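In: Sequence plus the predicted model coming up.
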Amino acid sequence: MSYAVKEIFLTLQGEGAHSGRATVFCRFAGCNLWSGREADRASAQCRFCDTDFVGTDGTRGGRYDAAVDLAAAIESEWGAARDFRAVLLTGGEPLLQADDALLDALHARGFWIFVETNGTIAPPPGLDWICVSPKAGTELCIRSGDELKLIYPQAGASPEDFAGLAFRRFSLQPMDGPEIADNTARAVAYCLAHPQWQLSLQTHKTLGIR
């Protein structure tokens, strides 16, 4: 299959369990919960997305006709060193496109592969870390994994709805926007009262990096 990629870039992971880790981001174009167009936001299943995943016009963006070509572009972004290679498959919704061939090509180049997904599409085997970020009003088909990261507060998706699922880590992340200060205070209070949950902050925004 061919892959539609918005952008590929090296940065520090900004949020969740692997915050601070050097990682190549491979952001796929497209999502099954929102078109990415502002005109459609009000009617989308996910209305608070803060990511541009429309088109293939970003850094190293484009259409890659083969898994080995995309893996080579990711490897080029990382550089020659093979130690501690990490790649995040993200979007949009990366599981619309990530497949066995791509995972095999990345593992062959020494990459540790993690994915951030909305959890509505079954993942291919072979991922090294699965982070599910549930969206209200959707049905999760991924009900176990490494990390569940809930944007909070989210009407129709409370932490209690997910606390019984089989994830290794439960992260609570304040919803960005004009209410960020209040949302952060609420998330802190919730984590203090419910220590199953760990606070996740978008540190890349504080640092001013991608």
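Out: Everything's here; your move. Source: prediction; values computed, not measured.
In: Next, Arg76: secondary structure please.
Out: No Arg there; residue 76 is Ser. Under DSSP: H, G, I helix; E, B strand; the rest coil, the three-state class of Ser76 is helix.
In: can you count the residues close to Arg143?
Out: Arg143 sits with 13 neighbouring residues when counted by other Cβ atoms under 10 Å. C-beta: built from backbone N, CA, C; applies to glycine.
In: roughly how far apart are it and Leu192?
Out: Separation of Arg143 from Leu192 (Cβ to Cβ, to the nearest Å) stands at 27 Å.
In: I'd assumed Gly164 was in contact with Arg143.
Out: No. Applying Cβ atoms under 8 Å, one finds Arg143 not in contact with Gly164, separated by 9.5 Å.
In: if I read this right, Leu88 contacts Leu12, doesn't it?
Out: No. Using Cβ under 8 Å, Leu88 makes no contact with Leu12, being 11.0 Å away.
In: what is in contact with these two at once?
Out: Taking Cβ atoms under 8 Å, 6 or more residues apart in numbering as the contact rule, Leu88 and Leu12 both touch Thr23.
In: neighbour count winner among these two?
Out: Leu88 (22 against 15).
In: Report pLDDT for that one.
Out: Leu88 carries a pLDDT score of 98 in this model.
In: Now do the SS call for it.
Out: Using three-state DSSP, the structure places Leu88 in strand.
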